[in-house]
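**Student:** what shape does this take:
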Amino acid sequence: MGKYFMETYGCPMNTAESQALAQSLLDHGHTPATQPEEADWVIINTCSVRQSAEDRVYGRLGFFKTVKKEQNPNLKVALIGCMAAKADAKKELMRAPFYVDAVLPHNERDQFLRLFEGSQIDTTEAPQFSFYSYHPSDDGIHAFLPIMHGCNNFCSFCIIPYLRGREKSRTKEDIVQEIQRHVDHGVKEITLLGQNVNSYKDGETDFPALIRYISKHVTGKVWFRFTSSHPKDFNIELISALQSDSRFCPHLHVAVQHGSNRLLKEMCRETKREKFEALVAEVRQQWPDIALVTDLMVGFPSETEEDMQELFSMLDTVQFEDAFMYFYNTRPGTPAAKRTDTVEESVKSERLQRLIDKQRAISHDILRQQIGQNREVLLISPAKKTKGGFLGRTQRNENVVVEGSDIKVGDFVQVTLTDIKGQTLLCELNVE
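**Tutor:** Residues are numbered from 1 along each chain as shown. Got it, this is the predicted structure:
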């Protein structure tokens with residue numbers, strides 16, 4: 001049987017899909033290689049959200065070219081994921097200087113097993129995207145579980161709808177079956193995934209209905225999270241569904257992107273700041289302990305200092321617990337890529353740093369407010385800087401260092417939060 005070496009770049013969806021492909025290879029008797037020099041195939045699962053992600057892959061292709069030339073002339077390299085879905089990917093990558101042996105977009109990824117085992121790609125039927133039935137957990141504690149694929153939003157800056165295609169949802173029965181399999185194998189936390197996860201739709205089952213279906217049919221102790229949500233598909237019915245089962249964490253990722261209505265319109269985000277702030281106020285009234293995180297982008301074409309002040313004003317109003325922050329990258333093929341009113345790179349960097357500094361201050365203040373609270377914590381790994389301690393996570397996704405005897409990774413423990421160090425909470429273990 002053959003050996004494979006896999007590298008994954010980008011989002012949790014890519015991680016889940018790589019884990020599923022690896023499981024498929026294992027099921028057919030193939031084994032992972034510890035080094036690419038020992039492999040028959042190198043598989044690179046790629047990302048195209050930002051140019052930096054693609055640049056990393058191009059750098060690795062140069063490395064693997066050297067491995068093929070100097071150490072393993074029989075090595076073959078396959079690209080899957082979003083870079084593989086770009087229109088000219090095969091033409092560009094399967095020639096000098098990269099010498100990639102296979103480029104398989106999302107709807108062709110199942111063909112890789114045929115290539116791995118020496119067969120030709122089946123061209124008798126048009127390739128169709130299908131979900132893997134199982135996405136293993138790397139650590140046995142947490143699992144990523146895709147419930148839908150693709151995106152219908154076509155935000156002006158985003159390449160994903162062009163690479164992953166239109167939205168397609170898994171059946172609720174398949175989702176519950178995979179969840180229960182994870183729980184039965186000891187997984188303690190499951191994150192439901194989608195490019196726009198809360199637009200899930202399986203017949204008459206929308207996302208709030210799926211949450212209630214999972215709650216009804218999944219047994220066992222497990223925490224649930226989901227990412228990533230679009231504000232236009234977020235509603236109070238979803239909050240009611242989540243609150244009906246304490247296994248769903250009060251921690252929601254809602255990607256707002258900016259606080260300027262002018263820019264939100266040019267981004268084609270289909271929402272306004274005032275509507276989003278009103279939704280947040282209603283959500284927090286119904287679920288006071290909820291933690292909200294978001295995505296924020298600066299440097300979109302034509303962004304002004306006035307737009308930045310609108311963004312900062314929104315942060316003051318909403319008080320996000322955390323945010324994923326970045327500056328705009330031009331993605332060829334998107335409407336925004338045609339814009340000529342771009343923001344200088346130095347200005348983007350300066351604005352991003354100001355944004356990071358402001359959000360970190362807000363996050364720190366919110367963390368400090370948690371001191372004195374009793375929390376349940378899931379222990380996820382040994383603590384790197386605390387001998388005998390563990391790094392844990394609350395349902396609000398706060399990092400906590402826990403010290404105590406007779407506890408281990410994977411345990412749920414009760415603690416009292418006592419202090420804060422950097423962005424991590426300290427605690428005392430509650431002994432029954």
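**Student:** all strands of the stretch 201-350 of the chain, in order?
**Tutor:** Using DSSP state E, counting those that start in this stretch, the strands found in the stretch 201-350 of the chain span residues 201-202, 205-206, 223-227, 251-253, 291-298, 322-327.
**Student:** how distant is the third one from the center of its chain?
**Tutor:** In other words, strand 223-227. 11 Å (Cα atoms, centre = their mean, to the nearest Å).
**Student:** packing partners for it?
**Tutor:** strand 189-193, strand 251-253 (3 or more Cβ pairs under 8 Å, 6 or more residues apart in numbering; DSSP states H and E). Any C-beta I mention is one placed from the backbone N, CA and C, and that applies to glycine too.
**Student:** repeat that with 10 Å
**Tutor:** strand 142-146, strand 189-193, helix 207-217, helix 236-243, strand 251-253, strand 389-394 (3 or more Cβ pairs under 10 Å, 6 or more residues apart in numbering; DSSP states H and E).
**Student:** just want the angle from the first one to strand 189-193.
**Tutor:** So the one you mean is strand 142-146. 20 degrees (axes from the mean of the first three to the mean of the last three Cα atoms, to 10 degrees).
**Student:** what do you get for the third one?
**Tutor:** Computed with the same axes, to 10 degrees, the direction of helix 207-217 lies at 150 degrees from that of strand 189-193.
**Student:** any buried residues in helix 207-217, and which?
**Tutor:** The neighbour-count check on helix 207-217 (16 or more other Cβ atoms under 10 Å) flags 207-215 as buried.
**Student:** now for the strands of the stretch 201-350 of the chain, which one comes closest to residue 422?
**Tutor:** strand 322-327 (13.4 Å; Cβ to Cβ).
**Student:** a markdown table for the helices and strands packed on strand 223-227, including distance to residue 84?
**Tutor:** Putting the helices and strands packed on strand 223-227 into a markdown table (distance: least, Cβ to Cβ, whole Å) gives the following:
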| stretch | distance to residue 84 |
| --- | --- |
| strand 142-146 | 17 |
| strand 189-193 | 19 |
| helix 207-217 | 29 |
| helix 236-243 | 33 |
| strand 251-253 | 26 |
| strand 389-394 | 33 |
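**Student:** picking up where we left off before, any chance of the strands of the stretch 201-350 of the chain in CSV, with mean neighbour count and distance to residue 48 too?
**Tutor:** What follows is the strands of the stretch 201-350 of the chain, written out as CSV (neighbours: other Cβ atoms under 10 Å; distance: least, Cβ to Cβ, whole Å):
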stretch, mean neighbour count, distance to residue 48
strand 201-202, 18, 25
strand 205-206, 18, 29
strand 223-227, 22, 19
strand 251-253, 23, 21
strand 291-298, 21, 16
strand 322-327, 19, 14
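**Student:** so for residue 37, which of those sits nearest?
**Tutor:** The nearest among the strands of the stretch 201-350 of the chain, by Cβ to Cβ, is strand 322-327 at 34.7 Å.
**Student:** for the residue nearest to residue 348 when sequence neighbours are not counted, what are its contacts?
**Tutor:** Nearest residue to residue 348 in three dimensions, chain neighbours excluded: residue 299, at 3.4 Å (Cβ to Cβ, 6 or more residues apart in numbering). By Cβ atoms under 10 Å, 6 or more residues apart in numbering, the contact list for residue 299 reads 308, 326-329, 342-345, 347-352.
**Student:** which stretches of the stretch 301-432 of the chain form helices?
**Tutor:** Here the stretch 301-432 of the chain has its helices, by DSSP state H, counting those that start in this stretch, at 305-318, 345-369.
**Student:** name the residues that touch the shortest one?
**Tutor:** Read that as helix 305-318. 254, 256-264, 273-274, 276-277, 279-281, 284, 292, 294, 296-300, 303-304, 320, 323, 347, 351, 354-355, 358-359, 361-362.
**Student:** could you identify the buried members of those residues?
**Tutor:** 254, 256-261, 263-264, 273, 276-277, 279-280, 292, 294, 296-300, 303, 320, 323, 347, 351, 355, 358-359, 362.
**Student:** helices of the stretch 1-150 of the chain, residue ranges please.
**Tutor:** 12-27, 51-70, 89-93, 112-116.
**Student:** which of the ones you listed sits closest to residue 288?
**Tutor:** helix 12-27 (27.9 Å).
**Student:** quick one: distance of the closest one to the chain centre.
**Tutor:** Per Cα atoms, centre = their mean, the centroid offset for helix 12-27 relative to its chain is 15 Å.
**Student:** and it, C-alpha only, in CSV?
**Tutor:** Provided in CSV are the C-alpha atoms of helix 12-27 (Å, rounded to 0.1, in the frame of the first residue of the first chain):
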residue,chain,number,x,y,z
PRO,A,12,-11.5,24.9,9.6
MET,A,13,-13.4,23.6,6.6
ASN,A,14,-10.2,22.7,4.9
THR,A,15,-9.0,21.0,8.1
ALA,A,16,-12.2,18.9,8.2
GLU,A,17,-11.9,17.9,4.6
SER,A,18,-8.3,16.9,4.9
GLN,A,19,-9.1,14.8,7.9
ALA,A,20,-11.9,13.1,6.0
LEU,A,21,-9.6,12.4,2.9
ALA,A,22,-6.9,11.0,5.2
GLN,A,23,-9.5,8.7,6.8
SER,A,24,-10.6,7.5,3.3
LEU,A,25,-7.0,6.7,2.5
LEU,A,26,-6.5,4.8,5.8
ASP,A,27,-9.7,2.9,5.1
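**Student:** in that helix, which residues are buried?
**Tutor:** 13-22, 24-25.
**Student:** now the residues you listed in JSON lines, with distance to residue 374 and pLDDT?
**Tutor:** Below are the buried residues of helix 12-27 laid out as JSON lines (distance: Cβ to Cβ, whole Å; pLDDT from 0 to 100):
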{"residue": "13", "distance to residue 374": "34", "pLDDT": "95"}
{"residue": "14", "distance to residue 374": "37", "pLDDT": "96"}
{"residue": "15", "distance to residue 374": "32", "pLDDT": "96"}
{"residue": "16", "distance to residue 374": "33", "pLDDT": "97"}
{"residue": "17", "distance to residue 374": "38", "pLDDT": "96"}
{"residue": "18", "distance to residue 374": "38", "pLDDT": "96"}
{"residue": "19", "distance to residue 374": "34", "pLDDT": "96"}
{"residue": "20", "distance to residue 374": "38", "pLDDT": "96"}
{"residue": "21", "distance to residue 374": "42", "pLDDT": "95"}
{"residue": "22", "distance to residue 374": "39", "pLDDT": "95"}
{"residue": "24", "distance to residue 374": "43", "pLDDT": "94"}
{"residue": "25", "distance to residue 374": "45", "pLDDT": "94"}
